[in-house]
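Peer 1: sharing a sequence plus its predicted fold:
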Amino acid sequence: MAILIDGKKISEEIKKELKLKIQEVKDKTGKVPGLVAILVGDNPASQLYVSSKSKACNEIGMNSKVEKLSSNISEEDLINIVNQYNHDDNYHGILVQLPLPGHISEQKIIETILPSKDVDGFHPVNVGNLVIGNDTFYPCTPYGIVELLKRYSIETKGKHVVVVGRSNIVGKPIANMLLQKKDGANAIVTICHSAAKDLNRYTKDADILIAAIGKENFITSDMVKEGVVVIDVGINRIEDKNSKKGYRIVGDVKFDEVEKVASYITPVPGGVGPMTIAMLLKNTFLAFIKSLEKNYGYIIN
Ligand code: NAP
């Protein structure tokens with residue numbers, strides 16, 4: 001039976017560590033980190049994500065603001081608002097909750113955010129830095145996965161990591177992060193996607209399997225080898241008449257059967273999900289520290 005990788009517990013530990021650091025810096029400088037979340041329209045899932053992010057900021061002593069905008073806002077007006085926050089020293093991190101309404105180019109908006117405030121790590125400058133192994137803001141979900149592997153002392157060096165999914169927010173960045181010649185990485189990485197003719201051929205060889213597909217219970221026990229480490233990124237809603245909400249959340253991995261052959265596995269919920277917010281807070285704290293160093297010459301150890 002696999003050991004459960006408890007993302008909820010680890011994310012709480014990270015938040016506690018950050019809270020202490022924030023207090024320490026506040027005592028020295030009188031300043032605290034700030035995050036602005038820009039929410040366009042009234043998509044319920046986006047509203048929920050933004051309010052959990054903002055709540056998490058407040059819990060650890062960060063300033064947070066939610067800028068709520070109408071779904072009719074023009075691309076030009078949104079660009080102007082992002083630019084306003086680019087120049088506002090109270091906010092060290094800017095996050096634009098995706099998806100945006102169809103008439104706005106997400107890429108244009110992402111590219112408007114200053115790379116030094118891009119705490120989601122989606123700006124092409126930060127993506128480029130990630131690929132070449134420079135210091136950067138790592139996208140929060142992949143960053144959370146790397147942190148989980150580290151905190152559970154799961155060796156990645158020389159291991160075969162198979163990533164199923166090649167999105168810009170999960171698949172590509174996690175593959176690139178684990179490929180780096182660095183501690184906590186240095187893996188042999190394969191990326192699979194929907195054009196794979198025989199997916200099992202790849203997944204069966206994985207020492208570490210990362211599923212970021214968006215299809216419920218897709219990875220089954222016959223697709224993995226004994227002892228594999230399984231990271232399930234999927235968040236899928238399935239109907240559940242027994243639940244109050246009428247649905248429940250499941251991952252991309254058929255947990256009940258895969259946990260019997262895996263050595264480690266992340267549950268859904270409670271695995272990768274909570275780590276995403278924790279790493280967003282970490283990125284905002286890092287952006288804050290960098291701005292203190294740059295603007296005030298503070299050196300924080
Ligand atoms: P996405 O953009 O929809 O990408 C899905 C990927 O899966 C694509 O690359 C797709 O291939 C691949 N795929 C689909 N069917 C496949 C198949 N039959 N065989 C092999 N590959 C297949 O999804 P995403 O944004 O990366 O998200 C993936 C999942 O993670 C979703 O459930 C999402 O909700 C969840 N998620 C969770 C968090 C978190 O905080 N825990 C954060 C982000 C996302 P093609 O490229 O060929 O289409």
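Peer 2: Structure's in. What do you need?

Peer 1: quick one: residues contacting the nearest residue in space to residue 266 that is not next to it in sequence.
Peer 2: Nearest non-adjacent residue to residue 266, counting by C-beta to C-beta, 6 or more residues apart in numbering: residue 5, 4.5 Å away. In this view, the C-beta of every residue, glycine as well, is placed from N, C-alpha and C. The contact partners of residue 5, taken as C-beta atoms under 8 Å, 6 or more residues apart in numbering, are 148, 152, 231, 264-267, 271.

Peer 1: just the ones of the residues you listed in strands?
Peer 2: Counted as lying in strands by DSSP state E, out of the contacts of residue 5, are 231, 264-265.

Peer 1: can I get those residues in JSON lines including pLDDT, distance to the ligand and neighbour count?
Peer 2: Shown next, in JSON lines, are those (pLDDT from 0 to 100; distance: C-beta to the nearest ligand atom, whole Å; neighbours: other C-beta atoms under 10 Å):
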{"residue": "231", "pLDDT": "99", "distance to the ligand": "10", "neighbour count": "27"}
{"residue": "264", "pLDDT": "98", "distance to the ligand": "17", "neighbour count": "19"}
{"residue": "265", "pLDDT": "98", "distance to the ligand": "14", "neighbour count": "25"}
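
Peer 1: low-confidence ranges in the stretch 101-250 of the chain?
Peer 2: Counting by pLDDT under 70, not a single residue of the stretch 101-250 of the chain qualifies.

Peer 1: now the helices for it?
Peer 2: Using DSSP state H, counting those that start in this stretch, the helices of the stretch 101-250 of the chain run over 106-112, 124-132, 140-151, 171-179, 199-203.

Peer 1: related to what we said a few turns ago, of the contacts of residue 5, which pair is most distant in space?
Peer 2: For the contacts of residue 5, with distances taken as C-beta to C-beta, the pair at the greatest spread is 152 and 267 (13.4 Å).

Peer 1: the two: who's more crowded?
Peer 2: Between residue 152 and residue 267, counting by other C-beta atoms under 10 Å, residue 267 is the more crowded of the two (19 against 15).

Peer 1: ok, that one - contacts?
Peer 2: Residue 267 sits next to 4-7, 232, 251, 255 when contact means C-beta under 8 Å, 6+ apart.

Peer 1: among those, which are located in helices?
Peer 2: With helices taken from DSSP state H, the overlap with the contacts of residue 267 comprises 7, 255.

Peer 1: now the buried members of the contacts of residue 267.
Peer 2: If you count burial by 16 or more other C-beta atoms under 10 Å, the buried members of these come out as 5-7, 232, 251, 255.

Peer 1: relative to the ligand, how far out is residue 248?
Peer 2: 14 Å (C-beta to the nearest ligand atom, to the nearest Å).

Peer 1: my guess is that residue contacts residue 238, does it?
Peer 2: Yes: using C-beta atoms under 8 Å, residue 248 makes contact with residue 238 at a distance of 6.2 Å.

Peer 1: which one's more surrounded, those two?
Peer 2: Taking neighbours as other C-beta under 10 Å, residue 248 and residue 238 compare with residue 248 leading, 14 against 11.

Peer 1: name the nearest residue to whatever residue of the stretch 1-150 of the chain ends up closest to the ligand, sequence neighbours excluded.
Peer 2: Residue nearest to the ligand within the stretch 1-150 of the chain (C-beta to the nearest ligand atom): residue 141, separated by 4.1 Å. By the measure of C-beta to C-beta, 6+ apart, the closest residue to residue 141 outside its immediate chain neighbours is residue 276, 4.8 Å from it.
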